[in-house]
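# the following block contains a protein sequence and its predicted model.
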Amino acid sequence: MFWLAGFAGLFLALTLPVSIYFRAGEINFDEARCYFPAIQQLRDNFPQVDLSKDSLSANPPGYTQLLAGLSLLSGQPVPWIRFWHNLVSLFGAIALLFVFARLCRPSAFFFMLPVVLSPYYLKQACVLSTDNIALALSGIALALLLFGNRNSWACVTVGLLAAGAIYVRQISAWLLAPILMTFLVIEKDAKGRRAQRILLLILILCFVLLFQLMISWKGLVPPRFQSAVSGLSLSGVAYGISLLGLFAPFLFASEALFTAKNRQRPLIWAGSLGVLIFILAPTAPSYQDGRWGGVLWSVASRGPLIVDRSPLFLFLLFLGIFSLLQIIHALYQYDKKKALIWCGGFFTWLATSIPNHQVFHRYFEGPVLLFLGTAACVMLKNGKNWILKIYVLCIFFLLLGVFANYFTDNAFASGPIFQFGEK
């Protein structure tokens, strides 16, 4: 428990002063435009909620409803509401670390550190958003599906976590895919059949919740945000794979994965699929089209463009697909069932970005690090001990994230980057 207390102290020291000091909207304009008005509206009618009228952000009102309830205890000044939000982010991070360390092995703690100490998780802990709570709930559910005992209580817990994640951020519906994979691969003994029935009920109830939200909104998001999801775009898929290409080689650069016998075919597939996605997905930074925010867009905006495409993403797509194929191959070698659950989650999460034209870095960094850390935990659980490398990797992720956050914030504050080379 000492390491949990140390982590809590470090987390609060990094985030709480920022939460208290800045006024609403100074760090994130969505606070003043969406979250604080929603909390006030829900607080006035608590505990009643209207899924359509009370969804003032692009997400369901679940999290703002929680904060509205907490604000009844403390009042609603900005520092108090941010304080409650900060504690929720902290408890979510501690729960994520604890569950992985408990279900896998204690050293798995280090694989999750990049997730909860990434600058975007820390930044979102300082200002109101649904990113952190959804990531924590999803990560814990995924850990239970991969490493938990598949008894009735574990399945019920997964269902509650999945429903909660969807109710605070509907994009968390990607969790339904690993639940379905677990339903398909679970043992067919008496205990397994009982777990299957519970998982099937969970899938039905979560789909009902998701459809209820969509019916209330008459779309995938609340009415005021539906312009952002009009039509389909592969830019989010390209960005997610590219970010994987940025992180994965450092995490999986081991002899066990990159051997001569399994390198040639993945290279061919990576090149072919990388070129195809590069052709289909616009990757030129554009503030008007929602492709901005984060180190990749910032670097791409300073380089050449080829027909609304950035060559940077062609390289990262190749690297990301190659790394992904190697990861899947390694997972399949270690545990075929866990590989199916992991793949179901990752590819469904990637697909949830297709209806969204807003491709912000913060939408992708946390989930990518979560899936990479989870894949590493599967290998660690099955005898692949990389603990000596993790200390270096945690520092690497943090330094890279700090650089990305600093680079982006300063670049966007200066103004010219909004042009994105569109002269």
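Looks like it came in fine. Quick caveat, the model's predicted, so the values are computed rather than measured. Numbering: from 1, shown residues only.

# does anything pack onto the helix or strand containing residue 137? Which helices or strands?
According to DSSP states H and E, residue 137 maps onto helix 131-147. Applying 3 or more CB pairs under 8 Å, 6 or more residues apart in numbering; DSSP states H and E, one finds that helix 131-147 makes contact with helix 78-103, helix 109-116, helix 119-126, helix 152-168, helix 176-185, helix 336-351, helix 365-381. C-beta coordinates here come from the backbone N, C-alpha and C atoms, glycine included.

# quick one: closest of those to residue 238.
When the helices and strands packed on helix 131-147 are compared by CB to CB, helix 336-351 sits nearest residue 238, at 9.9 Å.

# buried ones in that closest one?
Buried residues in helix 336-351, counting neighbours by 16 or more other CB atoms under 10 Å, are found at 337-346, 348-350.

# redo those as TSV? Include pLDDT and distance to residue 52.
Below are those laid out as TSV (pLDDT from 0 to 100; distance: CB to CB, whole Å):
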residue	pLDDT	distance to residue 52
337	92	40
338	93	39
339	94	40
340	95	37
341	96	34
342	96	36
343	96	35
344	96	31
345	96	30
346	97	32
348	97	26
349	97	26
350	96	29
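
# how about the contacts made by the nearest residue to residue 70 once chain neighbours are set aside?
Of all residues not flanking residue 70 in the chain, residue 84 sits nearest, at 4.4 Å (CB to CB, 6 or more residues apart in numbering). If you count contacts by CB atoms under 8 Å, 6 or more residues apart in numbering, residue 84 has them with 67, 70-71, 74.

# of those residues, which pair is most distant in space?
Within the contacts of residue 84, 67 and 74 form the most distant pair, 10.4 Å apart (CB to CB).

# now do the shared contacts for the two.
In terms of CB under 8 Å, 6+ apart, residue 67 and residue 74 are both contacted by the residues 81, 84.

# okay, those two: which has more neighbours?
residue 67 (22 against 12; other CB atoms under 10 Å).

# hmm, that one is touching residue 81, no?
Yes: counting by CB atoms under 8 Å, residue 81 is a contact partner of residue 67 at 5.9 Å.

# shared neighbours of those two, anything?
With CB under 8 Å, 6+ apart, residue 67 and residue 81 have common neighbours 39, 128.

# in stretch 113-126, what's buried?
113-126.

# average pLDDT across that stretch?
What stretch 113-126 shows for mean pLDDT is 87.

# stretch 183-200 now?
Here the average pLDDT along stretch 183-200 is 88.

# phi, psi for residue 291 please.
Note on residue 291: backbone dihedrals following degrees, to the nearest 10 are phi -100, psi 80.

# what about it, how many residues nearby?
Applying other CB under 10 Å, we find 27 residues neighbouring residue 291.

# can we start the residue count at 139 from this point?
Got it, the first residue is 139 from now on, which makes the last one we talked about residue 429.

# identify the bridge partners of it.
residue 424 (DSSP bridges).

# that older thread, how far off centre is the helix holding residue 275?
Centre-to-centre, helix 269-285 and its host chain are 9 Å apart (CA atoms, centre = their mean, to the nearest Å).

# and for the residue nearest to residue 264 when sequence neighbours are not counted, the neighbour number?
Among residues not flanking residue 264 along the chain, residue 156 sits closest, at 4.2 Å (CB to CB, 6+ apart). Residue 156 has 17 neighbouring residues, counting by other CB under 10 Å.
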